[in-house]
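> Sharing a model that was predicted from the sequence below.
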Amino acid sequence: MSFLSELKTLYQVTVKPIRGKDHGSRMEDFYGGQAEAYDEFRRKILHGRDQLYGAIEVPDGGVWVDMGGGTASNLEYLGPSIARLKKVYVVDLAGSMLAIAKRRAEERGWTNVETVQADVTTFCPPEGQADVVTFSYSLTMVPDWFAALENALEILKPGGQIGVVDFYVSRKFPAEGRRRHGWLARGFWPVYFATNNVFPSPDHIPYLERHFEPIHLTEGTTRFPYQFRLPVPYYTFIGRKADRQD
């Protein structure tokens, strides 16, 4: 990726105003100008995706729903095991990103991958249930992320897995054993990300741990190229839907 291309993408991410009358049109306005360069630029800042997708157990003949899956680059981390799945749905509101996802699936010979332009808070696979639901740096971009996780819980089979990797900030007084971010990180990052309609939350991890049986959780930091040197917090979570829901 050339320096000028990176600067153009950086402009799209940090400076360009985001316009649109609804969430779908705002998503397309944000991603439309950077879709082609999205994957290469994001590899430098969206850490933890390979660990997340590599750690989730791939069910033979299963259904996997990648919520906010964009260009389907996340599926690359599944490697040859993607062929073991009956169906993979890449769900997103941005048509420009899904066009790249469809092209990627065709080029890779992923005949079991289907792109769907839909809202992640309401999408249900035609099969009625899913074995795996993932959110890769998409949950922070969903205005009603509670509804997105409630929908994931609804469509997951009992014993099904959920995987999330995203930016976040800790609570001022997090649970024992969880990272506590300083006042600067807790105050700065929500304001900074909000300009791009990204909302890192202190409540993601507690909510996930409360509604799913935790399997794996890591908390780490990354840094943005050409921008602030302040560490950016992110987490990865894998959980399981209880076999019985009370």
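Everything's here; your move.
> all strands in the chain, in order from the N-terminus.
For the chain, applying DSSP state E gives strands covering 63-67, 87-92, 113-117, 130-136, 156-167, 213-222, 232-240.
> In terms of secondary structure, what does the longest one contact?
I take that to be strand 156-167. Counting contacts by 3 or more C-beta pairs under 8 Å, 6 or more residues apart in numbering; DSSP states H and E, strand 156-167 packs against helix 49-55, strand 130-136, helix 145-155, helix 204-211, strand 232-240. Glycine gets a C-beta too; all of them are placed from N, C-alpha and C.
> Among the strands of the chain, which comes closest to Ala175?
strand 213-222 (10.9 Å; C-beta to C-beta).
> What residues sit buried inside the closest one?
217, 219 (16 or more other C-beta atoms under 10 Å).
> Which strands or helices does it pack on?
helix 204-211, strand 232-240.
> Repeat the analysis, applying 6 Å as the threshold.
When contacts are defined as 3 or more C-beta pairs under 6 Å, 6 or more residues apart in numbering; DSSP states H and E, strand 213-222 sits against strand 232-240.
> Would you give the sheet partners of the strand it packs on, along with the direction of each?
strand 156-167 (antiparallel), strand 213-222 (antiparallel) (DSSP bridges).
> Can you add distance to Phe123 and give those back as TSV?
Shown next, in TSV, are the strands paired with strand 232-240 (distance: least, C-beta to C-beta, whole Å):
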stretch	distance to Phe123
strand 156-167	13
strand 213-222	23
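> could you dump the ones you listed to JSON lines with distance to Gly61 and mean pLDDT?
As requested, those are exported to JSON lines (distance: least, C-beta to C-beta, whole Å; pLDDT from 0 to 100):
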{"stretch": "strand 156-167", "distance to Gly61": "12", "mean pLDDT": "97"}
{"stretch": "strand 213-222", "distance to Gly61": "21", "mean pLDDT": "95"}
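> Now do the contacts for the residue most central in space within the chain.
Geometric centre of the chain, nearest residue: Ser136, 1.9 Å, by C-alpha atoms, centre = their mean. By C-beta atoms under 6 Å, 6 or more residues apart in numbering, the residues touching Ser136 are 49, 74, 165.
> which among these end up buried?
49, 74, 165.
> still on that earlier bit, quick check: bridge partners of the residue nearest to the centre of the chain?
Bridge pairing for Ser136 - DSSP bridges - gives Val165.
> Could you measure from it over to Asp166?
Going from Ser136 to Asp166 by C-beta to C-beta, to the nearest Å gives 8 Å.
> who touches stretch 160-180?
48-49, 52, 56, 131-137, 139-140, 152, 181, 186, 189, 200, 202, 204, 212, 219, 233-241.
> Ok, stretch 196-205 next?
Contacts for stretch 196-205 (C-beta under 6 Å, 6+ apart): 18, 140-141, 167-171, 189-190, 193.
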